[in-house]
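Q: any chance you can model this:
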Amino acid sequence: MRKRSIGILTLSIALFFSALPSSPAASAAKKKPVPATSPKPVWPPIGYKEIDGVFAKVPSSAELVGRLSARRSLQRFLKQCEEFACGAVFVAAERGCTWWEVNSTLKKVNPNTLTKDRIGTLVTYAKGTESREQGTIFLVSEEPVDLSVSVSNIRVICHREKTNIPKPRNVYNRIPASEN
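A: Residues are numbered from 1 along each chain as shown. Modelled structure (predicted):
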């Protein structure tokens, strides 16, 4: 039994010392560098619509999940979107933007006619992005979550003026049923 414990101890010591680097230079040569950040996105962004150097895209569910996974700061919007009807848009600009404005419309399927009736408008103000930086803007209404409600007619405006920058927020205006 004693020979067996000595053998195990010797093997453990040998494994320990073999795991140690022989020199600091050898250790540095063996390590592979780990990138500090994700690779830069392709420019111009693929699948985006472009007008005068401003790019926008309504993401698919998979694209949005990917962006949420990569950026923890966006996850605060998930709680709001569990309660209220939401949309999202990816944005970017060749020259960057001081702030973003997104105008959209909320529509709801009318069960009697199966047409989409306009039930509100939404103006979203979001922080700016640097040149060629891609951003994600969530469009959060005050309409309760409902599968028959959708956010559509999304129009993106890149503002470059440095004064009168609005606070990032969503401004929802419900349209009374009599005006539909």
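Q: helix/strand/coil for the residue most central in space within the chain?
A: By Cα atoms, centre = their mean, the chain has its centre lying nearest to R67, at 3.9 Å. Three-state secondary structure (criterion: DSSP: H, G, I helix; E, B strand; the rest coil) places R67 in helix.
Q: can you check K79 too?
A: Quick answer, by three-state DSSP: K79 is helix.
Q: show me the contacts for it.
A: The contact partners of K79, by Cβ atoms under 8 Å, 6 or more residues apart in numbering, come to none. In short, each C-beta sits where N, CA and C put it, glycine included.
Q: equivalent analysis for V156, please.
A: 54, 56, 89, 91, 100-102.
Q: stretch 131-145: which residues count as buried?
A: 132, 134-141, 143 (16 or more other Cβ atoms under 10 Å).
Q: could these go into JSON lines alongside secondary structure?
A: Below are the buried residues of stretch 131-145 laid out as JSON lines (three-state DSSP):
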{"residue": "R132", "secondary structure": "coil"}
{"residue": "Q134", "secondary structure": "coil"}
{"residue": "G135", "secondary structure": "strand"}
{"residue": "T136", "secondary structure": "strand"}
{"residue": "I137", "secondary structure": "strand"}
{"residue": "F138", "secondary structure": "strand"}
{"residue": "L139", "secondary structure": "strand"}
{"residue": "V140", "secondary structure": "strand"}
{"residue": "S141", "secondary structure": "strand"}
{"residue": "E143", "secondary structure": "strand"}
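Q: ok so, going back, do you know how far the residue nearest to the centre of the chain is from V102?
A: 16 Å (Cβ to Cβ, to the nearest Å).
Q: go on, N164?
A: Relative to V102, and taking Cβ to Cβ, N164 is found at 17 Å.
Q: those two - which one has more neighbours?
A: V102 (23 against 7; other Cβ atoms under 10 Å).
Q: nearest residue to that one in space, please, no chain neighbours.
A: Of all residues not flanking V102 in the chain, T124 sits nearest, at 4.3 Å (Cβ to Cβ, 6 or more residues apart in numbering).
Q: looking at the one you found now. What's its pLDDT?
A: Note for T124: predicted pLDDT of 97.
Q: V91 is in contact with that one, correct?
A: No: assessed by Cβ atoms under 8 Å, T124 is found out of contact with V91, at 10.7 Å.
Q: mutual contacts of the two, please.
A: The contact lists of T124 and V91 share 100, 102, 137, where a contact means Cβ under 8 Å, 6+ apart.
Q: can you tell me which of these comes closest to R174?
A: V102 (17.9 Å; Cβ to Cβ).
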